[in-house]
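Undergrad: attaching a predicted model along with its sequence, questions to come.
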Amino acid sequence: MAVQEIRAFNRFYTNLIGALDYSRHLHTPYTLTEARVLYELAHSRRTDAADLRVELSLDAGHLSRMLSKFEQDQLVTRAPSEQDARRQRIELTPQGREAATLLEKRAEDAVGSLLSEVPEEDRPRLAEAMRTVREILRDDRRPAPARIELRGPNPGDLGWVIQRNAAVYAAEFGWNSEYEALVARIVADFAADPDPGCEALWMAELDGVPAGCVFCVRDDAPGVARLRLLLVEPGARGHRIGDRLVERCISFARDAGYRELVLWTNDVLGAARKIYQRAGFELVAEIPHHSFGKDLVGQDWRLAL
């Protein structure tokens, strides 16, 4: 099934980008392979013919004929490599660089035209899907270093907080809609009376995708801030995102002049408790209760700032 899906995607995409008639698609005299060689010569430090052949997985004879054509058209020069006379150094001429620049401009225009037909809200999902394909199918298969970013809220993030809290806790602990209602009230209170100097929300992104959140809000007691709704997506765990969110919350509360940071959690949330302990929070009270459809033990934690 996967084989057929990949073949179907290949047929769809090559037709979409005009790969079978590339010169007509971009109104240039160059095939897709020729355009790719010009691109590599313009952007890569690899200028030897052997490097080009390996980089682009080209047949040596095919590449040689292509370079001869480029040389005849005064797009490239060829000479023995200064490091190894057995290797051939390839360089673009000014005319060749002009051709490569024109190709890149027309390729960007073509992609821009294609994207203009995609709804703006779908473009991040499209880009992420393409990035996923590259990461899974790249040659070395080594996991790329995770890119973690903490940022303030964007439009739509408050809805994400409610939806993901409800879904994650229902899946992992069987909590019912009471918890979703609680999260919705917390988020609504935050949004209804924003005070950036005293309250904040941070979103965590992993490789550009929302992966977690945490709030710092005013508590009823003077001089006290409350950490709320710490969440890390199950698939994003193992990158210390939770620790970084809590550290950011603590730093904000301290800078805002609070003397104490408190939080309420439940004993079943073992991973979260370890994060709070690492950050220096102390357990000050435990109270059994029945909430969210479960018998739980609520815990109050505090951190002197």
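TA: In hand now; what should we look at?
Undergrad: shaky segments in the stretch 201-305 of the chain?
TA: Nowhere does the stretch 201-305 of the chain drop to pLDDT under 70.
Undergrad: for it, what spans make up the helices?
TA: 241-255, 270-278 (DSSP state H, counting those that start in this stretch).
Undergrad: repeat for the stretch 51-200 of the chain
TA: Going by DSSP H, counting those that start in this stretch, the stretch 51-200 of the chain shows helices at 60-72, 94-115, 123-137, 157-173, 177-192.
Undergrad: packing partners of the second one?
TA: By that I understand helix 94-115. When contacts are defined as 3 or more CB pairs under 8 Å, 6 or more residues apart in numbering; DSSP states H and E, helix 94-115 packs onto helix 22-26, helix 32-43. In short, each C-beta sits where N, CA and C put it, glycine included.
Undergrad: sorry, back to before: winner for burial among the helices of the stretch 201-305 of the chain?
TA: helix 241-255 (a mean of 19; mean count of other CB atoms under 10 Å).
Undergrad: picking up where we left off before, quick one, which of the helices and strands packed on helix 94-115 is packed in tightest?
TA: helix 32-43 (a mean of 18).
Undergrad: could you give the angle of that one to helix 60-72?
TA: If you take axes from the mean of the first three to the mean of the last three CA atoms, to 10 degrees, helix 32-43 sits at 70 degrees to helix 60-72.
Undergrad: ok so, going back, nearest to D51, out of the helices of the stretch 201-305 of the chain?
TA: helix 241-255 (39.2 Å; CB to CB).
Undergrad: tell me who's in contact with L261.
TA: C216, V224, A225, R226, L227, C249, I250, A253, F281, R302, L303, L305 (CB atoms under 8 Å, 6 or more residues apart in numbering).
Undergrad: hmm, I typed the wrong one, I wanted R36.
TA: By CB under 8 Å, 6+ apart, the neighbours of R36 are L56.
Undergrad: any idea how far it is from L75?
TA: 14 Å (CB to CB, to the nearest Å).
Undergrad: with A256 instead?
TA: The value you get for A256 to L75, if CB to CB is used, is 61 Å.
Undergrad: the two: who's more crowded?
TA: L75 (23 against 17; other CB atoms under 10 Å).
Undergrad: report the contact partners of the more buried one.
TA: L38, L92, T93, Q95, G96, A99.
Undergrad: okay, now the nearest residue in space to it that is not next to it in sequence: neighbour count?
TA: Among residues not flanking L75 along the chain, G96 sits closest, at 3.6 Å (CB to CB, 6 or more residues apart in numbering). By other CB under 10 Å, 21 other residues sit near G96.
Undergrad: quick one: the strands in the stretch 201-305 of the chain?
TA: Using DSSP state E, counting those that start in this stretch, the strands of the stretch 201-305 of the chain run over 209-218, 224-232, 260-266, 282-291, 294-304.
Undergrad: ok, A35 touching T28?
TA: Yes. If you go by CB atoms under 8 Å, A35 and T28 touch, sitting 7.1 Å apart.
Undergrad: surely D207 is in contact with R134?
TA: No. The pair D207 / R134 is not scored as a contact, 11.8 Å apart, by CB under 8 Å.
Undergrad: mind checking which of those two has more residues around it?
TA: D207 (16 against 9).
Undergrad: got the phi/psi numbers for the more buried one?
TA: Here is the backbone geometry of D207 (degrees, to the nearest 10): phi 50, psi 40.
Undergrad: burial check on the nearest residue to Y169 once chain neighbours are set aside, number of neighbours?
TA: Sequence neighbours aside, W175 is the residue nearest to Y169 in space, at 4.4 Å (criterion: CB to CB, 6+ apart). For W175, the count of nearby residues is 22 (other CB under 10 Å).
Undergrad: tell me the pLDDT of W175.
TA: Listed pLDDT for W175 reads 95.
Undergrad: from V246, how far out is it?
TA: 22 Å.
Undergrad: gap between L114 and D189?
TA: On the measure of CB to CB, L114 and D189 end up 43 Å apart.
Undergrad: do the same with A49
TA: 66 Å.
Undergrad: pick out whichever of these two has more residues nearby.
TA: Shown here are A49 and D189; by other CB under 10 Å, A49 has more neighbours (19 against 14).
Undergrad: brilliant, that's me finished.
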